[in-house]
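A.B. asks: One predicted model, sequence on top.
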Amino acid sequence: MQLVINTPGTFITQKDGIFRLKQGENHFDISPVKVESIVMTNQAMLSTQAVCLALEHNIDVIFLDNFGDPVGRIWFSKLGSTALIRRKQLAAEIHGETGLSLVTDMIRRKLENQLRFLKKLKFARPGKDAIFDAPISVITEAISNLPDTIADADESIRNRLMGIEGSAGRAYFQCLSQLMPENYRFNGRSRQPAKDPFNAVLNYCFGILYGRVEKACILSGLDPYVGFLHTDNYNKKSLVFDLIEPFRIFGEQVAVYLFTGRKMKDDYFDMTETSATLNRSGKPVVIEAMNTHLDETVRYRRKNVKRRHIIQHEAHRLANLLLADENEKRPDWLEIKEI
């Protein structure tokens with residue numbers, strides 16, 4: 001489980017080998033065996049004893065800002081990696097073809113996930129084909145325009161991939177906006193800051209996913225800062241931005257269902273003329289919905305697997321693909337039968 005601390009004044013320490021959460025005169029104990037990660041938001045406190053207990057059990061501690069983006073983390077220093085993985089990763093980034101082939105697969109899976117999601121939403125809304133037909137056509141064409149192979153990598157290929165992804169994304173979010181309750185419709189994607197409640201929720205969901213993807217990279221021996229599509233010139237976790245693409249659908253589904261299910265309220269947001277931010281009342285609702293969604297089981301490589309574990313499996317697969325002999329046939333990147 002992911003232990004999320006979002007109540008100001010909460011203090012985490014350890015007693016007799018278990019975590020103890022204190023809030024005023026009340027306390028709650030939980031075994032580290034049950035904890036996968038600890039997410040700290042707002043004004044909570046963490047003792048060095050609790051940090052050591054987390055490290056002993058390979059539990060990473062993630063610190064989020066007000067937008068839900070990870071700003072720092074503490075993790076176990078003995079990584080399950082080799083220098084060879086990172087050398088291969090750097091070679092793929094420098095020489096381009098391998099890295100761009102991998103990230104093309106990631107984008108293809110992202111678009112296929114979005115296409116399946118729109119078709120699922122369309123099926124549940126008989127008589128509203130006009131809302132879905134044009135976006136579905138745009139995304140279908142975008143997928144067909146993705147290159148099957150990349151023999152020569154240059155900046156034009158990166159620009160082409162980002163252009164295809166961008167045009168599909170605009171159609172996708174325009175369609176989702178029409179499904180929202182009228183007072184929560186939005187005009188495209190907005191990041192930091194979000195301009196509307198839907199994007200505020202979506203950004204917060206993505207922030208949770210960023211933390212999980214970064215952890216998956218670290219535990220798989222991958223360098224989060226060496227990406228293939230997103231360049232590493234700005235001290236950003238470029239591989240995290242690449243690897244998250246097939247998994248954005250998890251956050252998109254949660255955001256859509258929260259609003260179409262009318263579970264979000266105006267009271268959950270702090271609004272200004274130019275921005276919308278989840279407040280203390282809204283964050284727990286989104287966190288609970290996201291964790292519930294990630295804990296659901298789907299078919300993955302002929303097995304029943306929780307969504308949250310797929311991210312780690314695919315990070316390991318990426319590391320193995322980088323280590324594979326150049327003459328070996330590279331398997332498909334992502335194989336999720338249900339989303």
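C.D. replies: Nice, thanks for sending it over.

A.B. asks: mind checking how far the lengthiest helix in the chain is from the chain centre?
C.D. replies: Identified as the longest helix of the chain according to DSSP state H is helix 97-123. With C-alpha atoms, centre = their mean, to the nearest Å as the basis, helix 97-123 stands 14 Å off its chain's centre.

A.B. asks: what's the answer for stretch 273-286, then?
C.D. replies: For stretch 273-286, the distance to the chain centre is 19 Å (C-alpha atoms, centre = their mean).

A.B. asks: Can you pull out the residues in contact with it?
C.D. replies: By C-beta atoms under 8 Å, 6 or more residues apart in numbering, the list of residues contacting stretch 273-286 from outside reads 6, 8, 41-42, 66-68, 193-197, 199-201, 204-205, 254, 258, 263-265, 267-271. C-betas here are computed from N, CA, C, even on glycine.

A.B. asks: Only whichever of these are buried, select them in PyMOL.
C.D. replies: To isolate the buried ones among the contacts of stretch 273-286 in PyMOL, judged by 16 or more other C-beta atoms under 10 Å, type:
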select buried, resi 6+41+66+67+68+194+195+196+197+199+200+201+204+205+254+258+264+268+269
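
A.B. asks: Out of the contacts of stretch 273-286, name the ones that lie in helices.
C.D. replies: Judged by DSSP H, those include Pro197, Asn199, Ala200, Val201, Tyr204, Cys205, Val254, Leu258 as members of helices.

A.B. asks: Report how many residues lie close to Asp283.
C.D. replies: You called it Asp, but residue 283 is Lys. Counted by other C-beta atoms under 10 Å, the residues lying close to Lys283 total 21.

A.B. asks: how about the CA coordinates for stretch 315-324, as CSV?
C.D. replies: The C-alpha trace of stretch 315-324 is given here as CSV (Å, rounded to 0.1, in the frame of the first residue of the first chain):
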residue,chain,number,x,y,z
ALA,A,315,10.7,-0.4,-16.3
HIS,A,316,12.5,-3.7,-15.8
ARG,A,317,11.6,-4.7,-19.3
LEU,A,318,13.0,-1.5,-20.6
ALA,A,319,16.3,-2.2,-18.8
ASN,A,320,16.4,-5.7,-20.2
LEU,A,321,15.7,-4.4,-23.7
LEU,A,322,18.6,-2.0,-23.4
LEU,A,323,20.9,-4.9,-22.3
ALA,A,324,19.7,-7.2,-25.1
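
A.B. asks: Which of the residues in that stretch are classified as buried?
C.D. replies: For stretch 315-324, by 16+ other C-beta under 10 Å, it's Ala315, Arg317, Leu318, Ala319, Leu321, Leu322.

A.B. asks: go on, stretch 133-148?
C.D. replies: Pro135, Ile136, Val138, Ile139, Ala142, Ile143, Leu146.

A.B. asks: can you put those residues in TSV and add secondary structure?
C.D. replies: Output for those, formatted as TSV (DSSP: H, G, I helix; E, B strand; the rest coil):
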residue	secondary structure
Pro135	helix
Ile136	helix
Val138	helix
Ile139	helix
Ala142	helix
Ile143	helix
Leu146	coil
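
A.B. asks: which one of those residues is nearest Lys119?
C.D. replies: Ile136 (6.7 Å; C-beta to C-beta).

A.B. asks: Could you list every helix and strand in contact with the longest helix of the chain?
C.D. replies: Contacts defined by 3 or more C-beta pairs under 8 Å, 6 or more residues apart in numbering; DSSP states H and E place helix 97-123 against helix 83-95, helix 129-145, helix 155-179, helix 238-243, helix 248-260, helix 307-323.

A.B. asks: Report how many residues lie close to Glu93.
C.D. replies: Using other C-beta under 10 Å, Glu93 is surrounded by 20 other residues.

A.B. asks: cool, and the one 5 residues further on?
C.D. replies: Using other C-beta under 10 Å as the criterion, Thr98 is surrounded by 21 other residues.

A.B. asks: contacting residues around the nearest residue to it once chain neighbours are set aside?
C.D. replies: Leaving aside its chain neighbours, Thr98 sits nearest to Ala92 (4.2 Å; criterion: C-beta to C-beta, 6 or more residues apart in numbering). Taking C-beta under 8 Å, 6+ apart, we find Ala92 in contact with Thr98, Gly99, Leu102, Phe228, Leu322.

A.B. asks: farthest pair in the residues you listed?
C.D. replies: With C-beta to C-beta as the measure, no two of the contacts of Ala92 lie farther apart than Phe228 and Leu322, at 10.5 Å.
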